Structure formats: C-alpha cells, structure tokens
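**Student:** For reference, the sequence and a predicted model appear below.
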Amino acid sequence: MVWDSSSKFQESWDAQIARAEHLARRNDASGELLTFYAKLLLAQKRVYEFLRSREGWLPSGILEDDLRVVRAMMPELLRAVETNGPAALVEQAQILLRSPDEEIDRMLLEQWRQPADVQFFAKAFLQPYARWLADSGGQPVDRIFERVESRCPFCGGLPQVSLLQTKEPAAESGGRNLICSTCLTVWPFRRVVCAHCGEERPAKLGYFHTPEYDHVRIEACDACKHYIKGVDLTRLGLAVPLVDEVAAAALDVWAHEHGYTKIELNLVGL
Ligand SMILES: [Zn+2]
Ligand SMILES: [Zn+2]
C-alpha cells in the first residue's frame, strides 16, 4: 500500500496479486475465483507495465488515438483468460482472439464512453490503461461523465468497493474512501451515505457481515436497493480492498437473496 502526501492510497499490482494468491490458498468456496483473479491481475499488470515503460509515449486520454499503442496488449490478456478462466470466458476469449482489430477497438471505445460492468474483457483491459492515464498525469479527454460525488472524480467511473481506514482521522469523510471500477483511483466519500443514490438517513442504510469475513461488510441502501461492499482496514490492515471484495463472494449471494443490486459488478462477475 502506498500513501502519498494527500493521504490517498493505491495498491500496487504486486500487492493485489500476492493477496489474491494468498487468499486462493485458503481453499474455501472462493478459491477457484481467486486463482483466476490472480492470473488476471498479472495480465493487467503486464498491460500497465507495457504502457508505462514505453519510451517517448504518454497516453493522450483520447482512447481512439491511444488504441494504436494500447491494443497491442489485448491478445496477451485474452490468452491469460483463455488459459486460466472459467469456461464461459474461455470461449469468449477465443472468439475475441480471432476478431479483427476494428471489432476489438469498437468494443473498447464503447466501454470507455459508456462503461458497463458486464463487459468483462473491455473492463479488465481498460483498467490498467485508465490507471496509467491517471498516474501519468493525463485526463480522460473523450469520456463524458457527470461530476457527482458518487462517481470517480478522475474518470466518472462507478465505485467498485468502499474502504475504511484511520490514517487520516480528521478527514471530513471519516476515513471512508471509494475505489473506482474503471481507473482504480481512490477518492474520499462521506461515511454514512449511500454510494449510489446519496441517501443519508441512517434508517435507510444497512450494514451486514458474517463472522467469516469480519473486515468485509455489505453496505446496503433501502432507498435505491443498491449495495457496495466495504472493506474495513482498521479491522484487518493486511486486506487489499479490491481483492478481499472478490474473496467475500458469499456476501454477494446474501445481498442478491435480499433483493439488492450491486452498484458495479467486480471482475469475476459478482
Ligand atoms: Zn476513475
Ligand atoms: Zn441508495
């Protein structure tokens, strides 16, 4: 975990991979998911490193122009899924590996302009691009989005996971942050507010967790019936929010059974 001067944090790819591998070894119900997720994170890291290490090139933030460079890494990510993914994704990866560049470009541009959490390949591939765009000081030029508190201030993406930490006890947000599902930027968010509709009445906001995952909870809203998972780093400092969110898959089952819709599905489709 890296803290910069503004007290934001961002997990390194390596920290995420190591955490996914560690949790996969526990061999519980989410073991298979996490084994795949670790391989996917490794493929994403390679995309990121490829972009970052490219001499004399920085992303323009206009994806249509950047694809010239970026698309070269798509086959690698597809092959990683083909080798390690669940059957349904393997088949899709094989189809995409045979698709012409124009088709892949169209898929990526559509996802960039109108993100959808069910577009697994486009979402997984664009995360390292968007993260490098943010890390390298660029701006998402051709992405039009609403500037609202519950959306990523950098790219307008929906929050993937909420996290609580105490590094900045005086922070206005009470130490709560959201992590963007598109560019993985972390931004502060008020503690007792729905991350989807902005509901503030405590009676409408519910929290649920099971003893199995003491540091992960469902943060549900009865006004809009949406939920997000929250990872409490004050309870488990070793947790890596994006990964622990995936590992606590059992909580998604609970939320769906109780009629809640997730704000943004994670990369393993839960
Ligand atoms: Zn973002
Ligand atoms: Zn709500």
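**Tutor:** Sure, I can see it. Ligands and ions are numbered 1, 2, ... in the order given.

**Student:** Okay, helices next: where are they in the stretch 1-150 of the chain?
**Tutor:** Here the stretch 1-150 of the chain has its helices, by DSSP state H, counting those that start in this stretch, at 13-24, 31-52, 63-70, 74-84, 87-97, 101-113, 120-135.

**Student:** now the stretch 151-270 of the chain
**Tutor:** Under DSSP H, counting those that start in this stretch, the stretch 151-270 of the chain gives helices at 241-247, 249-257.

**Student:** just to revisit the earlier point, tell me which of the helices of the stretch 1-150 of the chain sits most buried.
**Tutor:** Ranked by mean neighbour count, the helices of the stretch 1-150 of the chain are led by helix 120-135 with a mean of 23 (mean count of other CB atoms under 10 Å). Every residue, glycine included, has its C-beta placed from N, CA and C.

**Student:** Quick one: list the elements packing against that one.
**Tutor:** helix 31-52, helix 63-70, helix 74-84, helix 87-97, helix 101-113 (3 or more CB pairs under 8 Å, 6 or more residues apart in numbering; DSSP states H and E).

**Student:** circling back: among the helices of the stretch 1-150 of the chain, which comes closest to residue 141?
**Tutor:** helix 63-70 (8.7 Å; CB to CB).

**Student:** just to revisit the earlier point, okay if I get the helices of the stretch 1-150 of the chain as TSV plus mean pLDDT and distance to residue 253?
**Tutor:** Below are the helices of the stretch 1-150 of the chain laid out as TSV (pLDDT from 0 to 100; distance: least, CB to CB, whole Å):
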stretch	mean pLDDT	distance to residue 253
helix 13-24	96	17
helix 31-52	96	13
helix 63-70	96	35
helix 74-84	97	23
helix 87-97	96	19
helix 101-113	96	27
helix 120-135	97	20
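
**Student:** Tell me which of these lies nearest to residue 220.
**Tutor:** Comparing the helices of the stretch 1-150 of the chain under CB to CB, the one sitting nearest is helix 31-52, at 22.0 Å.

**Student:** Thanks a lot, see you next time.
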